[in-house]
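> Sequence unavailable; structure follows:
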């Protein structure tokens, strides 16, 4: 079943998205949801503004979602990423993964977040409470390292020996 | 902030529990929820019945939740575990972890589920669709191994060298 | 001392709880189990594979070598299957 | 060929997109960047640290040595910060 992927300006409803995935089913044993929220950074921020690359954003998220569905036995996968101006406390991103057992659901959600952070074409700019646009948020080396955790093990003669 | 721990027969509302933890706050960047649901095992089950040890169940979950709060910088933690008869498709357990960044929220929720599976005094019995009480669900060695992943690294002279 | 039983341990013994007066000389949880097994077939059945049955003293998991001390409530149950 | 720019690459160049006719001899994305840098200060500024700017051809991430081929849309942007 292909993942449900949406890129939108509007807020999303985690409960409704979960119901959409699970209602009427009795084969799902585990649902993991990740919600990423806008922080005010200790009162410094008035909002985050998310610029995105329309078309590529959906394509890239769908590509990574398909990888997750190939790698883990998922019974449902939803990814929603917002763009535009987002106030502190509001949700930015949702990943919802369902499976028979918890391990697949946890790992798939974790994997998707690491790849969204480093591969999905979105860029955050700060808007400051003291007025005016602040700077573009810088990419973190820590996020690249997190994404590298998911690299497939080498498949050569010594593959999987580590 | 101590975790919110509840052991109850009634269903729970993930959205309401999430709102309770996050509403009015702008310091939370990541919320991970895990929901464990009753499966019908391919149509074989009419329900699961969860027996628990009142008093110890709450105490044990609170103890493990406190460990998680010591180990990860959490901004909120909710654990709800149901008992009694639960129909396929219905939720059994909820873990909700909030933090500034996603890593802590993912790991804390994952840790709590592994410990709930192996340490919280609950026992599942199957009720069969063809009638009558089935057998007690057997503990899985796989769950013990999952819980062992979280053992603290050795603190001797070679600790952390692996 | 109050003893409580859960899941198939409860079913095999045929009761959920009981008050017992322990004889002198019982020091550990393992001593208590050995004594219970001498009380009848139902206990022998419940503890037929002793290493499988778990114990808790006053709501805290313990090993068979744990001291009974001044325990108020001792519980016996199968490996947990919650979550 | 359509070029599109995002975030601070867009701001430095001063436009979100443009149509360009490429001269002969441009084979890779790196060739295209070198040519753009010769078009004016704003491009030079946007690509001052070339290794930081990412590229995509027709919505797919590519490296600087990727071939331009029959690309319809080439995008340049900073490292992503979504999620």
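Perfect, I can see it now. Note that the coordinates shown come from a computational prediction; the quantities given were computed from them, not determined experimentally.

> what sits against residue A:87?
By Cβ atoms under 8 Å, 6 or more residues apart in numbering or on different chains, the contact list for residue A:87 reads A:38, A:46, A:47. Every residue, glycine included, has its C-beta placed from N, CA and C.

> Give me the subset of those residues lying in strands.
A:46, A:47 (DSSP state E).

> quick check: longest helix of chain C.
Secondary structure of chain C read by DSSP state H shows that its longest helix is helix C:29-37.

> For it, name the packing helices and strands.
Packing partners of helix C:29-37 (3 or more Cβ pairs under 8 Å, 6 or more residues apart in numbering or on different chains; DSSP states H and E): helix C:41-46, strand C:54-57, strand C:73-77.

> Need the contact partners of it.
C:3, C:22-23, C:25-26, C:43-44, C:47, C:50, C:53, C:55, C:57, C:62-66, C:68, C:74, C:76.

> what's the angle from that helix to strand C:73-77?
Put simply, helix C:29-37 runs at 80 degrees to strand C:73-77, going by axes from the mean of the first three to the mean of the last three Cα atoms, to 10 degrees.

> And the strands in chain A?
Under DSSP E, chain A gives strands at A:4-8, A:30-37, A:45-52, A:74-82, A:84-86, A:91-99, A:122-128, A:133-136.

> If we ignore the residues flanking it in sequence, what's nearest the residue of chain A found nearest chain C?
Chain A approaches chain C most closely through residue A:102 (8.1 Å), counting by Cβ to the nearest Cβ. Using Cβ to Cβ, 6 or more residues apart in numbering or on different chains and skipping the chain neighbours, the partner closest in space to residue A:102 is residue A:30 (4.1 Å).

> Can you read off the pLDDT for the one you found?
At residue A:30, the pLDDT value in this model is 98.

> wait, it sits on residue B:39?
No: Residue A:30 is beyond contact range of residue B:39, at 9.5 Å (criterion: Cβ atoms under 8 Å).

> Count residues in the vicinity of residue 14, would you?
Let's take chain A. Using other Cβ atoms under 10 Å in any protein chain shown, residue A:14 is surrounded by 21 other residues.

> Chain C is the one I meant
12.

> who's in contact with the residue lying closest to it once chain neighbours are set aside?
In space, and not counting its chain neighbours, residue C:14 is closest to residue C:42: 5.4 Å by Cβ to Cβ, 6+ apart. The neighbours of residue C:42, taking Cβ under 8 Å, 6+ apart as the test, are C:12, C:13, C:14.

> Could you report the distance from the residue in chain C that chain A sits nearest to to chain B?
In chain C, the residue found nearest to chain A is residue C:83; the distance is 8.1 Å by Cβ to the nearest Cβ. According to Cβ to the nearest Cβ, to the nearest Å, residue C:83 and chain B sit 4 Å apart.

> and chain A, which residues reach chain C?
Counting by Cβ under 8 Å from any Cβ of the partner chain, none of the residues of chain A come close to chain C.

> Point out where chain A drops to low pLDDT.
A:152-162 (pLDDT under 70).

> What parts of it come near chain D?
A:36, A:50-53, A:55-57, A:59-60, A:81, A:92-93, A:113, A:116-125, A:136-139, A:143.

> In CSV: the contacts of residue C:42, plus pLDDT, distance to residue B:74 and secondary structure.
Listed next are those as CSV, based on pLDDT from 0 to 100; distance: Cβ to Cβ, whole Å; DSSP: H, G, I helix; E, B strand; the rest coil:
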residue, pLDDT, distance to residue B:74, secondary structure
C:12, 98, 41, helix
C:13, 98, 41, helix
C:14, 98, 44, coil
